[in-house]
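# After the sequence you'll find the predicted model.
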Amino acid sequence: MKNEITPEQIAEWKAKHGDVWKITVEDKVAFLRSPDRKTLGYASSVGASDPMKFNEILLKNCWLAGDMEIQTNDSLFLSASSKLAQLIEIKETEMVKL
């Protein structure tokens, strides 16, 4: 990656987007935000007929900065795809019938 990401940039992203994630594939790096409902809804609807598209949409829509080869090189993309599910954070939930 040509321009190094500073701690100040990461703090700015966190203030704007919440959680920020770093994915490293070989010597390539990408910084991602957690997906919002709109992104998840779109990725899920398209992903129903094309599962690889789900990861592609998630990666592109959550992208903050990084080496674009992670998006364009199939090998790097597939490696990054194996970690994208971790972007979707499910909180512990309790439901009680009253």
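Structure's in. What do you need?
# hang on, Met49 is in a strand, isn't it?
For the record, residue 49 is Ser, not Met. No. The assignment for Ser49 is coil, going by DSSP: H, G, I helix; E, B strand; the rest coil, so no strand is present there.
# Could you pull up phi and psi at it?
In terms of degrees, to the nearest 10, the main-chain angles of Ser49 are phi -100, psi -20.
# Likewise for Thr24?
Main-chain dihedrals, Thr24, degrees, to the nearest 10: phi -120, psi 130.
# Could you do the one 3 residues further on as well?
Dihedral angles of Asp27 (phi, psi; degrees, to the nearest 10) stand at phi -100, psi 10.
# ok, residues contacting the lowest-mean-pLDDT helix or strand in the chain?
Taking mean pLDDT, DSSP states H and E as the measure, the helices and strands of the chain show their lowest mean at helix 37-47, namely a mean of 89. By C-beta atoms under 8 Å, 6 or more residues apart in numbering, the list of residues contacting helix 37-47 from outside reads 35, 53-55, 57-58, 61-62, 88. Placement of C-beta: from N, CA and C, glycine included.
# Ok, stretch 83-94 next?
Judged by C-beta under 8 Å, 6+ apart, the contacts made with stretch 83-94 from elsewhere in the structure are 19, 21, 23, 32, 34-35, 40, 55, 58-59, 62.
# If we use 6 Å, what do you get?
23, 34-35, 55, 58 (C-beta atoms under 6 Å, 6 or more residues apart in numbering).
# quick one on the thing from earlier: filter the contacts of helix 37-47 down to the buried ones.
In the contacts of helix 37-47, burial by neighbour count holds for 35, 54-55, 57-58, 61-62, counting by 16 or more other C-beta atoms under 10 Å.
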